[in-house]
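Student: Take a look and give me a structure for this.
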Amino acid sequence: MYNLFIFIKKYNAVILFILLEMLCFIMVVHSLPYQNRKLVNVSNSIAGGFHKTTSNWSDYIHLKGENEALLEHNALLLSRLGCDEVEADTVYYDDMFSYIPAHVVNNSIYELNNYIVIDKGSVDGIEPDMGVICSDGVVGKVLNVSTHYASVMSLLNSYSILSCRFTDNQYVANVVWDNGSYRYGLAKDIPSHLIINAGDTLVTSGFSTSFPADVMVGTIEEYGNDENSMFSTAKLRFSTNFSTLRHVYVVKNNFKAEIDSLCIAQ
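Tutor: Okay, the predicted model is just below:
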């Protein structure tokens with residue numbers, strides 16, 4: 001302790017200079033949007049490369065099961081698109097959406113705001129606000145993009161809100177996360193006059209340019225009707241198991257620019 005005190009006393013000017021430089025750097029980055037985004041992109045690249053290296057080791061453990069899941073999902077794509085062959089690294093096309101496969105290199109599920117890092121970036125055509133799905137359902141939305149990596153705000157995030165609809169009655173609701181278990185969220189803004197049962201299914205509404213319609217979101221676990229309110233809330237079990245998430249598809253809306261131009265015109 002005495003030696004530490006002597007060291008600080010001897011180099012107090014240098015230490016103060018370094019601390020002030022760090023403070024100035026942080027203030028500049030947070031006050032200027034361009035520098036802030038550049039720092040985020042650099043951080044994504046560095047963190048993405050590190051997490052990709054470490055995740056490669058665990059891939060061997062899950063290789064067989066993941067290959068089976070990919071084959072099942074590819075078979076589903078074949079049946080929908082009527083193609084003769086679907087490769088694991090192919091971009092899939094239909095009239096409005098294309099799907100870019102990516103691998104999850106980092107994933108958090110226990111934070112207040114959880115994020116995912118994938119191994120595809122701007123060089124692969126990834127852009128902010130693109131939807132991300134997996135073979136089981138919705139995953140989240142692209143937030144920041146670097147050259148080779150992208151960060152995704154998953155549904156397990158306090159800022160995430162997803163427009164959905166019930167498959168039985170076509171009514172629209174919003175799905176959010178309740179900051180609890182990674183398996184459950186909340187379906188909000190449900191008209192109180194609706195008859196909702198456990199097991200009812202929610203899918204994407206198609207009202208967003210980020211996701212196609214009818215992508216699985218989850219099923220109702222519990223529902224309590226509030227007769228004193230116009231809207232009710234239900235407990236939702238996510239169809240996506242975020243704890244085992246390894247392969248995803250980034251959704252590209254081929255007509256997003258045209259749709260956005262119409263919205264701006266209004």
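Student: List the buried residues for the longest strand seen in the chain?
Tutor: Of all the segments of type strand in the chain, defined by DSSP state E, the longest one is strand 97-107. Of the residues in strand 97-107, those scored as buried under the neighbour-count criterion (16 or more other Cβ atoms under 10 Å) are Phe97, Tyr99, Ile100, Pro101, Ala102, His103, Val104, Val105, Asn106, Asn107. No exception for glycine: its C-beta is placed from N, CA and C like everyone else's.
Student: so where do the helices sit in the stretch 151-266 of the chain?
Tutor: Along the stretch 151-266 of the chain, the stretches classed as helices by DSSP state H, counting those that start in this stretch are 256-265.
Student: Show me the shaky parts of it.
Tutor: With pLDDT under 70 as the threshold, the stretch 151-266 of the chain has low-confidence stretches at 226-228, 263-266.
Student: What ranges does it have for its strands?
Tutor: With DSSP state E, counting those that start in this stretch, the ranges of strands along the stretch 151-266 of the chain come out as 162-166, 172-176, 184-191, 201-204, 216-223, 231-238, 247-253.
Student: okay, the angle between the second one and strand 184-191?
Tutor: In other words, strand 172-176. 150 degrees (axes from the mean of the first three to the mean of the last three Cα atoms, to 10 degrees).
Student: Which other helices and strands does strand 172-176 contact?
Tutor: When contacts are defined as 3 or more Cβ pairs under 8 Å, 6 or more residues apart in numbering; DSSP states H and E, strand 172-176 sits against strand 162-166, strand 184-191.
Student: Met130 is nearest to which of the strands of the stretch 151-266 of the chain?
Tutor: In terms of Cβ to Cβ, the element of those nearest to Met130 is strand 247-253, at 5.2 Å.
Student: The longest strand of the chain pairs with which strands, parallel or anti?
Tutor: Sheet pairing here is set by DSSP bridges, and for strand 97-107 it gives strand 92-93 (antiparallel), strand 113-118 (antiparallel), strand 247-253 (antiparallel).
Student: Out of the ones you listed, which is closest to Gln170?
Tutor: When these are ranked by proximity to Gln170 (Cβ to Cβ), strand 247-253 comes first, at 21.9 Å.
Student: what comes into contact with that closest one?
Tutor: With Cβ atoms under 8 Å, 6 or more residues apart in numbering as the contact definition, strand 247-253 has outside contacts at 66, 69-70, 92, 96-104, 116, 118, 120, 125-127, 130-135, 139, 142, 150, 152, 209-212, 259.
Student: Out of those, which end up buried?
Tutor: Buried by 16+ other Cβ under 10 Å: 69-70, 92, 97, 99-104, 116, 118, 120, 126, 130-135, 139, 142, 150, 152, 209-212, out of the contacts of strand 247-253.
Student: Take the strands paired with strand 97-107 and write them to TSV, including distance to Ser192.
Tutor: Below are these laid out as TSV (distance: least, Cβ to Cβ, whole Å):
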stretch	distance to Ser192
strand 92-93	40
strand 113-118	30
strand 247-253	33
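Student: These: which one's closest to Gly185?
Tutor: Checking these against Gly185 by Cβ to Cβ gives strand 113-118 as the closest, at 12.0 Å.
Student: C-alpha coordinates for the helix or strand that the closest one is followed by, PDB please?
Tutor: Using DSSP states H and E, the helix or strand that follows strand 113-118 in sequence is strand 131-134. Once side chains and other backbone atoms are set aside, the C-alpha atoms of strand 131-134 remain, and they are given as PDB (Å, rounded to 0.1, in the frame of the first residue of the first chain):
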ATOM      1  CA  GLY A 131     -35.400  -8.400 -39.300                       C
ATOM      2  CA  VAL A 132     -33.700 -11.600 -38.000                       C
ATOM      3  CA  ILE A 133     -35.500 -14.900 -37.800                       C
ATOM      4  CA  CYS A 134     -34.500 -18.600 -37.200                       C
END
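Student: Follow the chain on from strand 131-134 and name the next helix or strand.
Tutor: Following strand 131-134 in sequence order, the next helix or strand is strand 137-145 (DSSP H and E).
Student: Can you list the strands that that following strand pairs with?
Tutor: Strand 137-145 has the following strand partners under DSSP bridges: strand 131-134 (antiparallel), strand 150-157 (antiparallel).
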